[in-house]
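K.L.:
Sequence plus the predicted model coming up.
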Amino acid sequence: MKYLVTSATGDLAGRAVKHLKNFVPVSDIVVTVRSEEKAGTFRKQGLEVRIADFLDKESLVKAFQGINRVLFVSSNDLATRKQQHQNVVEALKEAGVEFVVYTSAPNAQNSTLIVAPDHKLTEQLIMESGLDYGFARNNWYLENETFMLKAVKNGAPFTYSAGEGRVCYALKEDYAEAAARILAGVAPKQTIYELGGELITYEQLAQIASKAIGREVETASVSDEEYVKALVDLGLPPEAAQSSVIVQKDIRNGLLDVPSDDLEKVLGRKTTPFDEFIRAL
C-alpha cells in the first residue's frame with residue numbers, strides 16, 4: 001500500500017506527514033514537492049519524493065502512478081485554485097488512485113463562507129470522478145487568531161466584530177493528525193468529516209487566553225469599521241485587515257457554527273487545549 005501527501009512543504013501537509021509515520025511504514029509514504037530544491041529534507045527522512053505542480057497535470061499523473069491513497073491538501077493560491085484542483089482530481093482518476101482525502105471547508109456544499117466556493121467545486125469534482133473519498137472539512141485554525149492573540153499578550157484588548165458568532169476552533173496539529181489518520185485508514189470510515197473543536201465565542205476565547213497568560217484580558221466588541229482600524233493601528237497591513245473583517249462577518253452570520261464531534265472521533269481523544277499554544281506566542 002502506497003500513501004501520498006501532496007504539497008508536503010506546506011504547514012498542514014508537513015504536519016500530516018509527521019503523523020502518518022506513526023500509522024504506516026515510512027517506506028510506504030510518498031510526498032510531492034514542486035522542485036528538487038525542496039526534496040532534500042524529505043529524502044533524509046527516508047521518504048520517496050516526487051516532483052509535481054498542481055498547475056502541471058502531467059506531472060501529477062506521473063506522481064500519482066502506483067499510489068493507492070492520497071491526501072490532497074487544498075491549494076492556498078486563490079487566483080488559480082480552481083484550475084489546480086481540477087488538474088489534481090483528473091490526475092488522480094487517470095493514475096488509478098483508489099482513495100483521496102481532501103482538506104475542505106466546513107459545510108462546503110451549502111456554505112456562503114468566503115472560502116467555500118472553490119471547496120464546493122472540488123468536492124463535486126471528486127464525487128463525480130468515481131473515486132472513493134473522505135472530505136476532511138476543517139473548521140477554523142486557532143492559528144488564524146495569532147495576530148490578535150499576540151497583541152493581547154502585549155496588552156491590547158481582545159478586539160472583534162463577530163458579535164456572538166461561534167467558531168469550532170482547533171489547532172492545526174490536530175487537523176493534521178486527523179488527516180493522517182483518515183489517510184491511513186485508522187479513523188472511522190465516513191465520506192464527510194466535519195472537523196473542529198468545541199464551539200466558542202470570541203468572549204470565551206478571550207477567557208481562555210486570560211487563563212493561559214495568567215491575567216485578565218479586556219475584550220472589545222466593535223463594529224466592522226472599528227475592527228479594521230484596530231487591526232491597522234496594531235500594525236496589520238490594511239489589505240490584510242480588510243480580509244480579516246470579511247471573516248468576522250462570516251463568523252457573525254454563523255458560517256463557522258458547524259458543531260460536530262467528528263474530530264474527537266477521528267483522533268480518539270479530546271482536542272488539544274489551547275493554553276500551551278497561546279503561552280508560546
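P.N.:
Alright, I've got the coordinates.
K.L.:
give me the element residue 61 is part of.
P.N.:
helix 57-63 (DSSP states H and E).
K.L.:
If you count neighbours, what's buried in that helix?
P.N.:
57, 59-61, 63 (16 or more other C-beta atoms under 10 Å). All C-beta spots, glycine's among them, are computed from the backbone N, C-alpha and C.
K.L.:
Format these as JSON lines; extra columns: pLDDT and distance to residue 115.
P.N.:
Below are the buried residues of helix 57-63 laid out as JSON lines (pLDDT from 0 to 100; distance: C-beta to C-beta, whole Å):
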{"residue": "57", "pLDDT": "97", "distance to residue 115": "24"}
{"residue": "59", "pLDDT": "98", "distance to residue 115": "26"}
{"residue": "60", "pLDDT": "98", "distance to residue 115": "23"}
{"residue": "61", "pLDDT": "98", "distance to residue 115": "27"}
{"residue": "63", "pLDDT": "98", "distance to residue 115": "26"}
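K.L.:
and which of these is nearest residue 162?
P.N.:
residue 60 (37.9 Å; C-beta to C-beta).
K.L.:
The residue nearest to the closest one when sequence neighbours are not counted: what's it in contact with?
P.N.:
Counting by C-beta to C-beta, 6 or more residues apart in numbering, the nearest residue to residue 60 once its immediate chain neighbours are dropped is residue 91, at 3.5 Å. Residue 91 is in contact with 57, 60-61, 63-64, counting by C-beta atoms under 8 Å, 6 or more residues apart in numbering.
K.L.:
Helices of the chain, start to end?
P.N.:
With DSSP state H as the criterion, the chain has helices at 11-20, 40-44, 57-63, 81-95, 116-129, 146-153, 172-184, 202-213, 224-233, 238-252, 262-267, 275-280.
K.L.:
Most tightly packed of the ones you listed?
P.N.:
Highest mean neighbour count of those: helix 172-184, a mean of 24 (counted as mean count of other C-beta atoms under 10 Å).
K.L.:
which residues touch it?
P.N.:
3, 5, 11-13, 15-20, 22-24, 69-71, 73, 101, 103, 134, 136, 138, 141-143, 187, 193, 195, 197, 263, 266-267, 271-272.
K.L.:
Any chance you could give me that helix in PDB, C-alpha atoms only?
P.N.:
C-alpha atoms of helix 172-184 as PDB (Å, rounded to 0.1, in the frame of the first residue of the first chain):
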ATOM      1  CA  LYS A 172      -3.500  22.900  13.100                       C
ATOM      2  CA  GLU A 173      -1.700  19.900  14.700                       C
ATOM      3  CA  ASP A 174      -5.000  18.200  15.500                       C
ATOM      4  CA  TYR A 175      -6.400  18.800  12.000                       C
ATOM      5  CA  ALA A 176      -3.100  17.400  10.500                       C
ATOM      6  CA  GLU A 177      -3.200  14.300  12.700                       C
ATOM      7  CA  ALA A 178      -6.900  13.700  11.700                       C
ATOM      8  CA  ALA A 179      -6.000  13.900   8.000                       C
ATOM      9  CA  ALA A 180      -3.200  11.400   8.500                       C
ATOM     10  CA  ARG A 181      -5.500   9.000  10.400                       C
ATOM     11  CA  ILE A 182      -8.100   9.200   7.700                       C
ATOM     12  CA  LEU A 183      -5.500   8.600   5.000                       C
ATOM     13  CA  ALA A 184      -4.000   5.700   6.900                       C
END
